[in-house]
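**Student:** make a model of this:
(one chain, ligands or ions: 1)
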Amino acid sequence: MKEWYDKINKVKSVEALEEIRISVFGKKGVLAAEFAKMKDAKGQEKSKIAKDLNMHKNSLMSELSAKKVTLQTAELKKAMQAEAIDVSMFSMQSEVGALHPVMETMDRIVEYFCAMNFAVKTGDMIEDDFNNFEALNLPKYHPARDMQDTFYFKDEMLLRTHTSPVQIRTMMAQKPPIRMIAPGAVFRRDYDLTHTPMFHQVEGLLVDDESKVSFANLKYILEDFLKYMFGDIKVRFRPSFFPFTEPSAEVDISCVFCKGEGCRVCSQTGWLEVLGCGIVDPNVFKAVKYKNVSGYAFGLGVERFAMLIHQIGDLRSLFEGDIKLLEQFQ
Ligand code: PHE
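**Tutor:** Down below sits the predicted model:
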């Protein structure tokens, strides 16, 4: 039996150890054979052999299991060393990430208005009828609701169609004066070259004492902002309609592509529409119970800005996650 201790001692792998275990403890193993021989022995001799064999049986068993633990630990250590990843290793393949052009544009817009002391507010993307429509002077069945194709949930809840509800929520939550912008995602049932069901807007609202806010203030800041975004361009205000502003205007910039010569992007007009704005309608102030104040508001589509700045033709391509397109904006 002695040689088996030596074999266990010298074995190098869990597999070889298992072979030894079978040779010793298996049905046809040495122990079984030794015990079988016992039947020929008698009396004292028999019990001595039995005692001896049982002693070997127990100590070989414990040698085996101790060795198994040692070998397993060693093998595990070896495997872990082989699979170890050097996290500090420099990889030639690593790609440089970059902001998505829409987020980069949004950041730039927010940066301008923050510098002008506007606070950044965010609202929920799931809104109720009151904040998205009613308080913005869009009562139920008002035809102007058709201007915005809405995604509805049950119980009059909806995906906000614009960031204007953040105006209402901010005015309900705090007293005037107010000077805020609201960047965020909005949703409409629309899908073509220049529309996606989800897009981003930045809303602006300024409310102060009646004597302090005028259309001239609005015109000044928007002109300054658009020059900050697009460089040396001309700005034009065109009368328009929004239920929540009166008077309302749409703002155009001179075409950044053809510089007034007339191209496809500006439909030969030399002008590109970039935002909507106006003086806050008194009905909006009535809805939020504000008195003796005046205000201006504006709203713009961030994707439209990004498309004009980066000369992107198809808005939908911005949301396809195509690396070939995105890696151009590093
Ligand atoms: N909410 C308007 C829209 O989504 C934009 C707007 C905001 C117009 C504020 C005027 C004032 O079209």
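**Student:** give me the buried positions along stretch 240-253.
**Tutor:** 242-245, 248-253 (16 or more other C-beta atoms under 10 Å). In this view, the C-beta of every residue, glycine as well, is placed from N, C-alpha and C.
**Student:** K57 reaches L31, doesn't it?
**Tutor:** Yes - between K57 and L31 there is a contact under C-beta atoms under 8 Å: 5.9 Å.
**Student:** those two - which one has more neighbours?
**Tutor:** Ranked by neighbour count (other C-beta atoms under 10 Å), K57 and L31 place L31 first, with 19 against 15.
**Student:** contacts for the helix or strand hosting the more buried one next, please.
**Tutor:** Per DSSP states H and E: L31 is located in helix 30-37. Helix 30-37 is contacted from outside by 1, 4, 23-26, 49, 53, 56-57, 60, using C-beta atoms under 8 Å, 6 or more residues apart in numbering.
**Student:** is P239 located within a strand, as I assumed?
**Tutor:** Yes - counting by DSSP: H, G, I helix; E, B strand; the rest coil, P239 is part of a strand.
**Student:** what's near enough to touch the closest residue to the ligand within the stretch 51-200 of the chain?
**Tutor:** Proximity of the stretch 51-200 of the chain to the ligand (C-beta to the nearest ligand atom) peaks at H162, 3.4 Å away. Going by C-beta under 8 Å, 6+ apart, H162 touches 132, 148, 186, 201, 203, 299.
**Student:** name the SS class of the last one, please.
**Tutor:** The three-state label for G299, taken from three-state DSSP, comes out as strand.
**Student:** which parts of the stretch 151-300 of the chain sit against the ligand?
**Tutor:** By C-beta under 6 Å from any ligand atom, the residues of the stretch 151-300 of the chain that approach the ligand are 162, 164, 203, 242, 245, 276-278, 297-299.
**Student:** give me the phi and psi angles of the residue lying closest to M116 once chain neighbours are set aside.
**Tutor:** Leaving out its chain neighbours, the residue that sits closest to M116 by C-beta to C-beta, 6 or more residues apart in numbering is I221, at 6.8 Å. Per-residue torsions, I221: phi -70, psi -40 (degrees, to the nearest 10).
**Student:** any idea how far I221 is from L205?
**Tutor:** Per C-beta to C-beta, to the nearest Å, I221 is found 12 Å from L205.
**Student:** with neighbour numbers in mind, choose between the two.
**Tutor:** L205 (25 against 19).
**Student:** in its sheet, what does the helix or strand harbouring that one sit against?
**Tutor:** L205 is part of strand 198-209, with elements assigned from DSSP H and E. Its sheet considered, strand 198-209 pairs with strand 178-187 (antiparallel), strand 293-301 (antiparallel) by DSSP bridges.
**Student:** from the chain's centre, how far out does the first one sit?
**Tutor:** Averaged C-alpha coordinates place strand 178-187 at 18 Å from its chain's average position (C-alpha atoms, centre = their mean, to the nearest Å).
**Student:** just to revisit the earlier point, of the residues of the stretch 151-300 of the chain next to the ligand, closest to A98?
**Tutor:** Nearest to A98 among those is E203, at 26.4 Å by C-beta to C-beta.
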